[in-house]
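A.B. asks: Sequence below, structure please.
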Amino acid sequence: MGLQEYHIFNLKEWIDKIARMSFVGPKLPNIELLSESQSTMTFTIDLLRSARKELNKLDKKNAENIFDHLAQIKADPFRPRPGMNIDKVEGNRKPPAYRLRIGRLRIEYLVIEDEGKIVVFRIFMKKRSSDYR
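C.D. replies: Numbering: from 1, shown residues only. Predicted coordinates:
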């Protein structure tokens with residue numbers, strides 16, 4: 001088995017792992033700070049075929065980084081956190097799309113609250129080396 005085949009095989013295992021993972025929220029040192037009124041709804045993550053293909057092209061480090069961030073957004077896909085810049089994508093799409101920024105990587109996803117789903121439809125590397133033009 002060549003290195004590239006091994007790499008793709010491991011990414012497929014990670015995709016399955018993320019799909020089975022039930023992550024309630026970020027690990028906080030003081031759990032008692034969470035109020036009872038806060039929602040602890042977790043979402044399931046679906047990766048569209050196009051997103052899976054792009055994920056298979058990434059190196060192991062970037063793929064692991066993406067899975068760590070996807071596990072965190074299962075608890076709250078709307079709120080930005082340190083190291084996770086989440087913005088609403090402009091447009092008239094229903095439901096609205098969101099973009100997660102991880103360094104130069106971008107993940108675009110839809111949140112379907114009624115079904116409790118996050119649908120990742122696009123993973124891409126930003127082409128410019130800087131945000132400044």
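A.B. asks: wouldn't residue 88 be in contact with residue 108 here?
C.D. replies: No - using C-beta atoms under 8 Å, residue 88 is not in contact with residue 108, being 10.8 Å away. Every residue, glycine included, has its C-beta placed from N, CA and C.
A.B. asks: those strands in this protein, which residues are they?
C.D. replies: Ranges of strands in the chain, per DSSP state E, are 44-47, 85-88, 97-102, 105-112, 117-125.
A.B. asks: Show me which positions of the second one end up buried.
C.D. replies: Of the residues in strand 85-88, those scored as buried under the neighbour-count criterion (16 or more other C-beta atoms under 10 Å) are residue 86.
A.B. asks: now it: mean pLDDT?
C.D. replies: The pLDDT scores in strand 85-88 average 89.
A.B. asks: before we move on, back to that, could the strands of the chain go into TSV alongside distance to residue 58?
C.D. replies: Below are the strands of the chain laid out as TSV (distance: least, C-beta to C-beta, whole Å):
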stretch	distance to residue 58
strand 44-47	13
strand 85-88	19
strand 97-102	11
strand 105-112	8
strand 117-125	8
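A.B. asks: that older thread, so what's in contact with residue 88 and residue 108 at the same time?
C.D. replies: Common neighbours of residue 88 and residue 108 (criterion: C-beta atoms under 8 Å, 6 or more residues apart in numbering): 97, 98, 99.
A.B. asks: Among these, name the buried ones.
C.D. replies: Buried, going by 16+ other C-beta under 10 Å: 97, 98, out of those.
A.B. asks: any idea which of the shared contacts of residue 88 and residue 108 is closest to residue 43?
C.D. replies: Nearest to residue 43, judged by C-beta to C-beta, of these is residue 98 at 11.9 Å.
A.B. asks: who's that closest one bridged to?
C.D. replies: Here residue 98 sits in beta bridges with residue 88, residue 109, going by DSSP bridges.
A.B. asks: Any stretches of this protein with poor pLDDT?
C.D. replies: Low-confidence segments of the chain (pLDDT under 70): 1-40, 129-133.
A.B. asks: hmm, try it at 80
C.D. replies: Low-confidence segments of the chain (pLDDT under 80): 1-41, 83, 91-93, 127-133.
A.B. asks: thinking again about what came up before, dump the shared contacts of residue 88 and residue 108 into TSV; add distance to residue 128 as well.
C.D. replies: Formatted as TSV, the shared contacts of residue 88 and residue 108 follow (distance: C-beta to C-beta, whole Å):
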residue	distance to residue 128
97	21
98	21
99	15
